[in-house]
Structures are given as structure tokens and as C-alpha cells.
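Enquirer: here is a sequence together with a model predicted from it:
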Number of protein chains: 2
Amino acid sequence: MAEPTPKQEYIIGVDLGGTKILAGVFTQQLKCITTTKLSTKAERGPKAVIERVARCIKDAIDESDLDFKQVKAIGLGAPGAVDSENGKVIFAPNLGWRQIPLQKQLQDELGVPVVIENDCNACTLGVYHFELDNKPKHVVGIFLGTGIGAGIIIDGKLYSGFNRSAGEIGHMVLDAAGPKCACGNKGCFEALAGRQSIFRKIQGLIKEGQKTVLTDMLGPDLADMRSGDLRKAIRKGDKLVEKVVEEAAEYTGIAVANIMNLLNPEVIALGGGVIDALEDEMMGIIVETAHDYAMEGTDTNVQIIASKLGDNAGIHGAAVLARRQIK
Amino acid sequence: MAEPTPKQEYIIGVDLGGTKILAGVFTQQLKCITTTKLSTKAERGPKAVIERVARCIKDAIDESDLDFKQVKAIGLGAPGAVDSENGKVIFAPNLGWRQIPLQKQLQDELGVPVVIENDCNACTLGVYHFELDNKPKHVVGIFLGTGIGAGIIIDGKLYSGFNRSAGEIGHMVLDAAGPKCACGNKGCFEALAGRQSIFRKIQGLIKEGQKTVLTDMLGPDLADMRSGDLRKAIRKGDKLVEKVVEEAAEYTGIAVANIMNLLNPEVIALGGGVIDALEDEMMGIIVETAHDYAMEGTDTNVQIIASKLGDNAGIHGAAVLARRQIK
């Protein structure tokens, strides 16, 4: 009698964000076969969010016509300071979480090994594993979305720092006399080049009476404006949006130069929603400004690239972490 | 017949700077028994400078009433990008050097094993070895002198980066709209808080007609002004100097916060001539500003300390490197 063919095993990568949960089903060869999305609804509290993560994962499995028993491990990227060794989210202002034992609670919910990591670290690991074939020793990933964060790989390994909060590049001060940041300080990178700061600047200029096609596209309040709308406006020849995006790109270039001067990695990878939508408009300026501001010799052969993984960088990195659990 | 008592063995630590060479004789237990100093005279070229380093070392040995045969290894910290594996100074603008095989030339000159390292790395290693008894995993040393540089220790080891130029914190932009830096950019940390920038700011204020006791102390041109003169002026109640030094301390605090947010080390040690002379005036402001600008959670239990090694941090770190050669 022939033995039954063993069912193939799968792993899950999850990106838990302040506004949405993204789950991906991956083969053991790390090919992504399905992704599903749910809103986070952080205001309902940690227990409800963790149940939503579990639901998002189950939905992804169902979408893939698989049996949950085929899932061998789950990796998850969460915002804020994450203690991956002890499986805890130490502090995540975007979620309003402190000391949440996310790993244990999700394991209890699903009965499958779970590993958690900071979201930007997961994104950087995703870029490292899937996009950097030569496996450089030192890599910094910078992700521009609603906020701005970074992941750091040193000697091929994720670096988290003493309080597990390394990579808070969004709050690196670039312009001490600059605009106020949500963190309370002034002139942080995020307050100069994050999506919210770009939107706020455009809204301020409209109030001053300047014209942009964005108001024709989205109405006078620019309701539901997205990074892609900025790209559309620029391609329609909108000078106001072009100027604001150029300034954000220049500050991003200065931030990249600061990283080259300070950490001197081989690769600096940029990603996140803003870069994804505005790569053609921003990358040229970022690269030029970064080389302008880098000390002679620090930038030689350093690659500054845009990740092609877009919104999926996090689930890819989380899947890499999950696979390590079963190998 | 009794065997002759074997002569004790010694090691040498050297700090090669843009203006002076400092050499220290150390026991194998890393106790410093003598130091000697020579001016660098970089304008005479690498060969002449390397001969002066050799002379400075021989002078230190002679001062200690020792025989050069008792020297077992030499460690040396040099400015700029240093490839310690291949023993080369890649690029040192302060010395006007490019691709100088310093290790080999000094070994040929003295017939003793030589190891070289970046000067700020050597200083940080000196602080780490002699001042941080609990041996933290991640440490950043920031040294404020004529210029500003840093050394980075990650997982207990010096980190140099891809082009051996990590730690160029002096050219981290803190104020994109700030004053011009010698590197050609604007608002670098060094242009805001380095000794030259402090001196320039004071001279500018005097030209604007403001009063300071420094002109009584040093004459109208402030000839040969040193960091210690600033301390004396402040202690005499000089408000102009106090304000300029306070501003430099605030920018230093912002730089420290950037490091806490980005690299999140356990210890940030400050040193160099400016801190050495103005520790009491600056450290309180630096620590307060750094905690103000740090993201919540990143600065918990992070120590911000002033090194007590002063000018001798470099030779101490270099001696640690030298001892590793013979162990």
C-alpha cells in the first residue's frame, strides 16, 4: 500500500502596522503565494488586534485552499521597540501598546511557533534576503511611510541595540530649527520627509493661496490623499507638489549621507509607501544629495537603492524569520 | 650560577594627530609609565612624519630608562580612514595622506610589530577598556577637539564599516540651514560644536561689538586661544562665552540623541580637548538635551559619561591594541 503523499508545509509572514495587518503565505522556498489584508483597529486594544492578526492569517490560508495544519511557523513584524528574544512588544506608540507578550498570545491563539521582530527590521531583512544577492555585511534599510523608520544589519545580522530601539531614524534631527515633529521635538527627519509632513506642507501652501491640481483631483480638503496622488499631480506638471516632494527628497538625501558618514554600510536601501509611489521623482535627488553630503571616501562604491518589494517587504522579512524557526 | 633576571617587556601606544604625536610607554598590565610629545609637522610629508613617530617612541623609551629591546609591540591611532587589517592609512585629510602603508613603514623603521587603527576608534577602545568595567555590548565614543569624531563598538568589537570610515559623526548634519563646515556642507555637528566653530563664533560676536574678558586675557585677536581659556572666562562670569559654549553643548546633546535613537548603545562616552576643558560647563546641558530629544524608551538606562582619560584616551586604546598582538 502506497504511503499518502505528505502535504506540503507553509510559513506565514505578517506585517502588523498601525492601520493595517498584512499576512502572506509562503512556501518553504519563500515564494509568496497569497496575501490578505485587514484593518488593525488598534483602538479596540491588544486582545482584539491579536485576534485580528490570527483571523488575517487564517483568511490567507483559506484563500490559498490550504489546511491550517500545513502552517509550520509564523513570523511577524510589529512597530516600535520589540524584544524578539522574549517575544514582547515593549513599546509601540502607533498601537498604544506597552509590554504586550505578543508572541505567546499569538502562539496560544494559533498553536504554531511564532517569532516577532521590529517591523523595519523585518522589512530590511526582506530586502536583504530577496534583493541583495551578494549578501553585503552591513546594510541599512530606510522606510518612508506615514512615519519613517530604519532597520540595521551589521555583519549580516539584525542589530537592535540596548533597548531594542535602534533604527529610530525618523527622529534623527536634521534641521534643529525645522518644523515641529509629532514626538515633540523640532526638525526630525520624519517632520521633514514623512508622508504626513509632505501632506501638511502642501495643505499649508494651499491655505497661503497657492494652486495645485490636487484640489481638482481630491476636493479642497484633499480628502484621502495618498502618495500616489502626488505622483499623478507631478506628472500633470504640478509645480507646487513637485517642489514639496523635491524638498522631502533632499532631506532624505541628507539622512542617507548621515548614515554613510556614521555607519558606512555597503548598501542603503530605501522603501515604504512614499518611495514606492515616488521612486522616479525622488531617487535621483536622494542619491545626488547623499553623495554631496557624504565625506570624501565614505561613499565610494556604497549602493543607494530603492527596494522593489514595496508594501510586501515586511511580510517577506517576517517569512525569513519564520523559516529560521523550522530549520 | 643564577640566570639573569629577564628584563620586563613593554608596549607602546601612540596617538598620531594633525598637530601632535603623543607616545606612551605601558607595562604589560597596561599601566602607563611615561608619555612624550612631538609636533607632527605634517607639511614635511609622510616619510618625515613616520620618522618623527619613531623618534617620539624612542624618546619615551629613553625617558623611561628602558632599552628599546624591551618593547614588544606598538599600537597607533591615526586620523581618517584606516585599514587596520592591511595596515594602511587610506585617506587622512588632516595629514594630507592617501594610501600610506604606515604599519609596514613603521615596522621597518623600528623592527617591532605595529598595529594601526583610526584615532577615534583607539580613543573609544581606551575608554572601553579603562573606564567601563561592566564591559557593555554597544558603546559610542564622541570626541570633541579641533574637529569631532566618533568610535563605535558593537558587540564588544570596534566597528569600522565598509570603507573603514564609520564614525564620521562630525559631518552628521544637525542643522541643514546652519553655518558652513570645512567639508563644504552646511550645519555639520563639527561646524556647530567643534573647537574651531566655537572660536569662530566668539570672534564673530566680538566683531559685532560684543564684550568678553577673553580680549583682556589674550589680546584683541584672541591669539593662541585654547579650550581652557573658555573655562576661565566662564568662571569669571563672561556671559558671551557662556552662551556660545551652551549652544555648542545643546548641539552636542542633539547629536547624542541622534545616536541614541539610531544606534541605541548602552554607553555614550564624550571626550576630547573641548569636553576635557569644559566638562562642568557642558555635560549637564548635553545630558539634559540628549534625554529631551531621545524617543521615549530609547534612552532608558543609557549612560552618557565624560571620559577621564582626556588627551590620553588614544594612547591607552592603542596600547590595548598593541597588547593583543603579543597575547
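Expert: That came through fine. Numbers count the residues shown, from 1 in each chain, chains lettered A, B, ... in the order given.
Enquirer: C-alpha only now, for contacts and for neighbours.
Expert: OK.
Enquirer: give the buried residues for stretch A:83-97.
Expert: Residues of stretch A:83-97 classed as buried by neighbour count (16 or more other C-alpha atoms under 10 Å in any protein chain shown): A:83, A:84, A:87, A:88, A:89, A:90, A:91, A:92, A:95, A:97.
Enquirer: ok, stretch A:243-262 next?
Expert: A:244-262.
Enquirer: what parts of the stretch 51-200 of chain A come near chain B?
Expert: Taking C-alpha under 8 Å from any C-alpha of the partner chain, the part of the stretch 51-200 of chain A that reaches chain B is made up of A:81, A:91, A:138, A:160-169, A:171-177, A:183, A:185.
Enquirer: just flag the most distant two among the buried residues of stretch A:83-97.
Expert: Greatest spacing in those, by C-alpha to C-alpha: A:84 and A:95 (17.3 Å).
Enquirer: how about the residue in the stretch 51-200 of chain A that chain B sits nearest to, nearest residue that isn't a chain neighbour?
Expert: Relative to chain B, the nearest point of the stretch 51-200 of chain A is residue A:175 (3.9 Å; C-alpha to the nearest C-alpha). What sits nearest to residue A:175 in space, not counting adjacent residues and going by C-alpha to C-alpha, 6 or more residues apart in numbering or on different chains, is residue B:175, at 3.9 Å.
Enquirer: list, one by one, the residues from the stretch 201-327 of chain A near chain B.
Expert: So the stretch 201-327 of chain A meets chain B at A:254, A:257-258, A:260-266, A:293-295, A:297-300 (C-alpha under 8 Å from any C-alpha).
Enquirer: which ones among the residues you listed lie within strands?
Expert: Within those, no residue falls in strands by DSSP state E.
Enquirer: and the host helix or strand of residue A:62, what does it pack onto?
Expert: Under the criterion of DSSP states H and E, residue A:62 resides in helix A:46-63. Secondary-structure packing of helix A:46-63 (3 or more C-alpha pairs under 8 Å, 6 or more residues apart in numbering or on different chains; DSSP states H and E): strand A:10-16, strand A:20-27, strand A:32-39, helix A:102-110.
Enquirer: buried residues, that helix. List them.
Expert: Buried residues in helix A:46-63, counted by 16+ other C-alpha under 10 Å: A:46, A:49-50, A:52-61.
Enquirer: closest one of those to residue A:203?
Expert: residue A:49 (32.4 Å).
Enquirer: OK, contacts around the closest one?
Expert: Contact analysis of residue A:49 by C-alpha atoms under 8 Å, 6 or more residues apart in numbering or on different chains lists A:40, A:41, A:42.
Enquirer: that one and residue A:61, how far apart?
Expert: Separation of residue A:49 from residue A:61 (C-alpha to C-alpha, to the nearest Å) stands at 19 Å.
Enquirer: do residue A:24 as well
Expert: 9 Å.
Enquirer: touching, residue A:131 and residue A:310? I think so.
Expert: No: contact criterion C-alpha atoms under 8 Å: residue A:131 and residue A:310 do not qualify, at 11.8 Å.
Enquirer: those two: who's more crowded?
Expert: residue A:310 (19 against 15; other C-alpha atoms under 10 Å in any protein chain shown).
Enquirer: which phi and psi does the closest residue to residue A:102 other than its chain neighbours have?
Expert: In this structure, residue A:102 finds its nearest non-sequential neighbour in residue A:88, 5.6 Å apart by C-alpha to C-alpha, 6+ apart. Per-residue torsions, residue A:88: phi -120, psi 140 (degrees, to the nearest 10).
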